[in-house]
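Novice: quick one: sequence plus predicted model below, questions after.
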2 protein chains.
Amino acid sequence: MTDPMPNIEGLVCPVPLLHNRQVVLGHGSGGRMSYELISKLFLPPLDNPILRAGDDAGVVSLPSGDDPHALRLAVSTDSHVVMPLFFPGGDIGRLAVCGTVNDVAMMGAEPMYLTAGFVLEEGLDFDLLGRVIASMQSAAHEAQVKVIAGDTKVVQRGKADGLYINTTGIGIIPKMVNIRGSNAQPGDVVLLSGTIGDHGIAVLAARGELYFDAQISSDVAPLNSLVSAMLHVSDNIHVLRDPTRGGLATTLNEIAIQSNVGIQIHEDSIPVKPAVSAACEMLGFDPLYVANEGKLIAIVGKDHADELLAVMHSHPLGIDASIIGTVTDEPGQHVTLRTTLGTTRLVDMLSGEMLPRIC
Amino acid sequence: MTDPMPNIEGLVCPVPLLHNRQVVLGHGSGGRMSYELISKLFLPPLDNPILRAGDDAGVVSLPSGDDPHALRLAVSTDSHVVMPLFFPGGDIGRLAVCGTVNDVAMMGAEPMYLTAGFVLEEGLDFDLLGRVIASMQSAAHEAQVKVIAGDTKVVQRGKADGLYINTTGIGIIPKMVNIRGSNAQPGDVVLLSGTIGDHGIAVLAARGELYFDAQISSDVAPLNSLVSAMLHVSDNIHVLRDPTRGGLATTLNEIAIQSNVGIQIHEDSIPVKPAVSAACEMLGFDPLYVANEGKLIAIVGKDHADELLAVMHSHPLGIDASIIGTVTDEPGQHVTLRTTLGTTRLVDMLSGEMLPRIC
């Protein structure tokens, strides 16, 4: 890899130019514009190998016993600004816990501790805030993580849409586990843990932007127990990644670039709920780009794929798991989709902003 | 200690009732109202011993070699919403790095890693953002910490006042170091590293609220090298705390409650710059309650006080250090001030909001 790859999801494509002089909503998309912003403005001054690795969490080594680098931690941070604060299947509190737990888990780490930083808007109702905190507690309990430090700031009316929540997560990476976005190898198999697009469409529905009752719930959930079950049966998991902002398409593009490989996926093997599919068709969205908050992609050695798929199927969060494609040695780092019609098309990263404030 | 003490600065007084049903600016003061909010809404659902300890950072033990709890980390998080973004002596970027570095250092830990989560306002100028990031880099270099993970979200125009920055810090606590807010003992000596009130008054001046040119710069600075120098000469430092929101008075009250002791301080030994003193007099502020961002309080064994004071004097950030008081066995957990007139008065926590959006 020669491209700089900041440790911020969705930011691993070649560097385009900054097209204007101001931040726009598209810079928060998790796609190409986010990368542009980060790679031009954030990374050059803050650059270091840990940040540059481009994974869902930074990996640091700490001294342990006689070995000064024996204990590896995965550390990830996410600020959550989702609108509305409550949506079918979740809320900003559950999202803030699960989003960070999942980023830590995607390094194969066992998430242990969270911090929580709140920016509260003056006038925020205590009952609403209490519901959000209760939801965080419930999600933290589900993920078996402890909140160990917090901070609360208050800003004037009109400034924070109720509240924003930052969470930072710390997990321990078990010895022998080596999961990185740069580890995909030609011949590997691509697994997806379930249906795509549920979170994005559920949030959109909660905003009243669907004009019909989609009956779709967000998939927001902590994936660490699924990861743990997978690690239990295989030491041949090369990459884990949760396809959040920018969706499955953007995440696969990131991995292709990090690992310098091609990835081919098959449209008919990618599970999409009929209601999500219908909503996307109506809105002109491609579900490949719609955010998920409780799904993972696993890129694994071919010989381990079936066993891992079986383990995923036996876990509540992997019931709809499927093998969706393979890693190729195609040199252009392209992601291609074999459509249900039998044609093949290129699948690029999300280029602009599709759904602002989705997480 | 029987009072619940969340691990959020300034939140260790007995529990009063919530006076209304909504968040107001005073809940962000770091004083009594913040405690009220946290202790009633945040702590009960999220409660655990680490969070409840009530120090500037949460302390967790990790396995190291044969010992499953040998490696201790201090972890702290802070969201920064200061207005304006730039002020004499600093900016939101420098503040975001130093604030979190200092909270980690106040556990006697060596700060090593930071995460940075940005909430950016649509329309934010890239040049301004670039200056903030450059300032973060400069402060991180000064503090010898690495930014290892980041996140960027974008919100619509009119939200977030340009940008908010969350930083979370991780540091390693050296073996043998045991510094806690609950460790102050009767007979201990209270050291203060320099003048108080500089940060709060500098921010106020930058807002144009002083109506005269105060020529005051914020003291915002990373205190970890000062802490390191102090630890080098003494193993008898019981408490370290940086008096930020709520000022020296609130911080001393927190320690008195955590340690179940009284604290007596002497007005004539507390250094205040003449310009800060003049600004406070004009505005009706007591400098004891004005925020600092580059000062620390150390509560130390009496026999080590002189040696520690000498070390502080030899460090650029401790030139104006002084012994400001002593810890007593007074049972009411009161902080008292011996005034320059020879009278004694009670010094309570900050009760409402004095300076909103100060950090």
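Specialist: That came through fine. Because the structure is a prediction, the values reported are computed rather than measured.
Novice: burial count for whichever residue of chain A sits closest to chain B?
Specialist: Of all residues in chain A, A:G65 sits closest to chain B, at 2.0 Å by C-beta to the nearest C-beta. No exception for glycine: its C-beta is placed from N, CA and C like everyone else's. Taking other C-beta atoms under 10 Å in any protein chain shown as the criterion, the count of residues near A:G65 is 14.
Novice: isn't it right up against B:L71?
Specialist: No - taking contacts as C-beta atoms under 8 Å, A:G65 lies outside contact range of B:L71: 9.3 Å.
Novice: any common contacting residues for the two?
Specialist: Common neighbours of A:G65 and B:L71 are listed as B:S64 (criterion: C-beta atoms under 8 Å, 6 or more residues apart in numbering or on different chains).
Novice: got the buried residues for stretch A:174-182?
Specialist: By 16 or more other C-beta atoms under 10 Å in any protein chain shown, the buried positions in stretch A:174-182 come out as A:V177, A:I179, A:R180, A:G181, A:S182.
Novice: sticking with the closest residue in space to the fourth one that isn't next to it in sequence, tell me its helix or strand.
Specialist: Just to be clear, that refers to A:G181. Once flanking residues are discounted, A:G181 sits nearest to A:Q258: 4.0 Å by C-beta to C-beta, 6 or more residues apart in numbering or on different chains. Per DSSP states H and E: A:Q258 is located in helix A:247-259.
Novice: next one: that helix to chain centre, how far?
Specialist: 11 Å (C-alpha atoms, centre = their mean, to the nearest Å).
Novice: show me the helices in the stretch 201-350 of chain A, by range?
Specialist: Under the criterion DSSP state H, counting those that start in this stretch, helices of the stretch 201-350 of chain A are mapped to A:224-233, A:247-259, A:274-283, A:305-313.
Novice: deepest-packed of those, please.
Specialist: Stretch with highest mean neighbour count among the helices of the stretch 201-350 of chain A: helix A:247-259 (a mean of 27; mean count of other C-beta atoms under 10 Å in any protein chain shown).
Novice: what is that one packed up against?
Specialist: Under the contact criterion of 3 or more C-beta pairs under 8 Å, 6 or more residues apart in numbering or on different chains; DSSP states H and E, helix A:247-259 touches strand A:237-241, strand A:262-266, strand A:297-300, strand A:335-338, strand A:344-347.
Novice: just the CA atoms of it, as CSV, please.
Specialist: Extracted as CSV, the C-alpha positions of helix A:247-259 are listed here (Å, rounded to 0.1, in the frame of the first residue of the first chain):
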residue,chain,number,x,y,z
GLY,A,247,-22.8,0.8,2.7
LEU,A,248,-21.5,-2.6,1.5
ALA,A,249,-20.2,-1.1,-1.8
THR,A,250,-17.9,1.5,-0.1
THR,A,251,-16.6,-1.0,2.5
LEU,A,252,-15.7,-3.5,-0.2
ASN,A,253,-13.9,-0.8,-2.1
GLU,A,254,-11.9,0.2,0.9
ILE,A,255,-10.8,-3.4,1.5
ALA,A,256,-9.9,-3.9,-2.2
ILE,A,257,-7.6,-0.9,-2.0
GLN,A,258,-6.1,-1.7,1.4
SER,A,259,-5.3,-5.3,0.2
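Novice: now do it, average pLDDT.
Specialist: For helix A:247-259, mean pLDDT rounds to 96.
Novice: tell me, how many residues neighbour A:V104?
Specialist: 33.
Novice: confirm it sits in a helix?
Specialist: Yes - per DSSP: H, G, I helix; E, B strand; the rest coil, A:V104 lies within a helix segment.
Novice: isn't A:S277 up against A:F285?
Specialist: No - in this structure, A:S277 is not within contact of A:F285 by C-beta under 8 Å, at 10.0 Å.
Novice: what is in contact with the two at once?
Specialist: Listed as contacting both A:S277 and A:F285 by C-beta under 8 Å, 6+ apart are A:G197.
Novice: can you give me the helices for the stretch 1-150 of chain A?
Specialist: Assigned by DSSP H, counting those that start in this stretch, the helices in the stretch 1-150 of chain A fall at A:32-37, A:43-46, A:49-52, A:92-105, A:126-143.
Novice: next one: phi and psi at the residue lying closest to A:G90 once chain neighbours are set aside?
Specialist: Counting by C-beta to C-beta, 6+ apart, A:G90 lies nearest to A:V220, which is 4.0 Å off, once chain neighbours are set aside. Dihedral pair for A:V220: phi -50, psi 120, per degrees, to the nearest 10.
Novice: got a list of what A:V220 touches?
Specialist: Listed by C-beta under 8 Å, 6+ apart, the contact set of A:V220 reads A:G89, A:G90, A:R94, A:L95, A:C98, A:G99, A:H199, A:E293, A:G294.
Novice: could you measure from it over to B:Q156?
Specialist: Going from A:V220 to B:Q156 by C-beta to C-beta, to the nearest Å gives 23 Å.
Novice: tell me how far the residue nearest to A:G90 lies from A:E254.
Specialist: For A:V220, the distance to A:E254 equals 21 Å [C-beta to C-beta].
Novice: next, give phi and psi for A:Q215.
Specialist: Per-residue torsions, A:Q215: phi 50, psi 40 (degrees, to the nearest 10).
Novice: once you drop chain neighbours, what's closest to it?
Specialist: Distances taken as C-beta to C-beta, 6+ apart place A:A275 nearest to A:Q215, at 5.8 Å, with adjacent residues excluded.
Novice: and that neighbour, what is it in contact with?
Specialist: A:A275 sits next to A:I201, A:A214, A:Q215, A:I216 when contact means C-beta under 8 Å, 6+ apart.
Novice: could you check how far it is from A:R357?
Specialist: Taken as C-beta to C-beta, the span from A:A275 to A:R357 is 22 Å.
Novice: again, but for A:A321
Specialist: For A:A321 relative to A:R357 (C-beta to C-beta), the value is 29 Å.
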